[in-house]
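Student: Give me coordinates for this.
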Amino acid sequence: MAYKRTEVAIEKIIASCDGNMRGALEALMLVNEHLEEELQRLYSIMSLGDDGEEYRFETVH
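Tutor: Okay, the predicted model is just below:
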């Protein structure tokens, strides 16, 4: 079932770029960059706890 949802999502992304697969890939890469920047901001915000102790986060990549 997850495979079907992934296929549908891929088709929607490609369709939103007028069938241009290169455009779809570029759009996904830009979204990914934005999400990575957002994660870095959140890690920075959360790096210090209320008591001043530093928290450690492990990244996915």
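Student: make it CA atoms for all contacts and neighbour counts henceforth
Tutor: Noted.
Student: For residue 14, see how far away residue 8 is.
Tutor: For residue 8, the distance to residue 14 (C-alpha to C-alpha, to the nearest Å) stands at 10 Å.
Student: Those two: which is more packed in?
Tutor: Between residue 8 and residue 14, counted using other C-alpha atoms under 10 Å, residue 14 has the larger neighbour count: 18 against 12.
Student: Tell me who's in contact with the closest residue to that one other than its chain neighbours.
Tutor: Spatial nearest neighbour of residue 14, excluding adjacent residues (C-alpha to C-alpha, 6 or more residues apart in numbering): residue 24 at 5.4 Å. Counting by C-alpha atoms under 8 Å, 6 or more residues apart in numbering, residue 24 touches 13-14, 16-17.
Student: same thing but at 7 Å, please
Tutor: 13-14, 17 (C-alpha atoms under 7 Å, 6 or more residues apart in numbering).
Student: and if you look at residue 40?
Tutor: By C-alpha under 7 Å, 6+ apart, residue 40 has no neighbours at all.
Student: That one sits in which helix or strand?
Tutor: helix 21-46 (DSSP states H and E).
Student: where's that helix relative to the chain centroid, distance-wise?
Tutor: Averaging C-alpha positions (C-alpha atoms, centre = their mean, to the nearest Å) puts helix 21-46 5 Å from its chain's average.
Student: quick one: average confidence on that helix?
Tutor: In this model, helix 21-46 has a mean pLDDT of 94.
Student: Please point out which parts of it sit buried.
Tutor: Buried positions in helix 21-46, judged by neighbour count with 16 or more other C-alpha atoms under 10 Å: 24, 27, 43.
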